[in-house]
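Peer 1: Following is a predicted model, sequence given first.
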Amino acid sequence: MVSTAYTREDILQLLSRIADPEIPVVTIREIGMLQDVHMTETGCEVIITPTYTGCPAMGIIEADIKSLLDEHDINATVKMVYHPAWTTDNISEAAKEKMKKYGIAPPVHSGCDVANAEAQIACPQCGGKDTEQISRFGSTACKALYKCNECKEPFEYFKCH
């Protein structure tokens, strides 16, 4: 069954509920992975872009999209695109604040000079700027592990790219 009661905007709003499985306080729309929805004769095509090449969460996100839309009787296909490439500029300011409150230092900006940008990483716990990288990779490839020399807490930094 194909529902014709939904518009593109309705579907985008529904998809705005889907959380990033690796950072559950932000949605795929807030982080900028949800690119577009194209209406088709049989339902819709959802366009998404991974935050990182080889992101292991993409299969879960695709399944979440199909499951949610299926609950609303919307036939959907999911298309993953790599161009234009996702950058941390796609992350909304609201999502950056949510990441910070969750304990992840949000990216400073994209296309950054890594050495200079990472010298500016503020601790999401205390706001201190005396931080250092412990490991280039955190729990996922898109994050690095840092520690704050002021409050002594470890934290992850969402790397800019």
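Peer 2: Looks like it came in fine. Computed from a predicted structure; not experimentally measured.
Peer 1: where does residue 78 fall, helix, sheet strand or coil?
Peer 2: What DSSP: H, G, I helix; E, B strand; the rest coil gives for residue 78 is strand.
Peer 1: who's in contact with it?
Peer 2: By CB atoms under 8 Å, 6 or more residues apart in numbering, the contact list for residue 78 reads 45-46, 48, 62, 65-66. Any C-beta I mention is one placed from the backbone N, CA and C, and that applies to glycine too.
Peer 1: Show the backbone phi and psi for the closest residue to residue 57 other than its chain neighbours.
Peer 2: Leaving aside its sequence neighbours, residue 57 sits nearest to residue 21 (CB to CB, 6 or more residues apart in numbering; 4.8 Å). Dihedral angles of residue 21 (phi, psi; degrees, to the nearest 10) stand at phi -60, psi -20.
Peer 1: Show the pLDDT at residue 21.
Peer 2: With respect to pLDDT, residue 21 scores 94.
Peer 1: for it, what are its contacts?
Peer 2: Contacts of residue 21 by CB under 8 Å, 6+ apart are 57, 60-61, 64.
Peer 1: tell me which of the residues you listed is nearest to residue 74?
Peer 2: Nearest to residue 74 among those: residue 64, at 13.6 Å, using CB to CB.
Peer 1: State the distance from that closest one to residue 120.
Peer 2: 34 Å (CB to CB, to the nearest Å).
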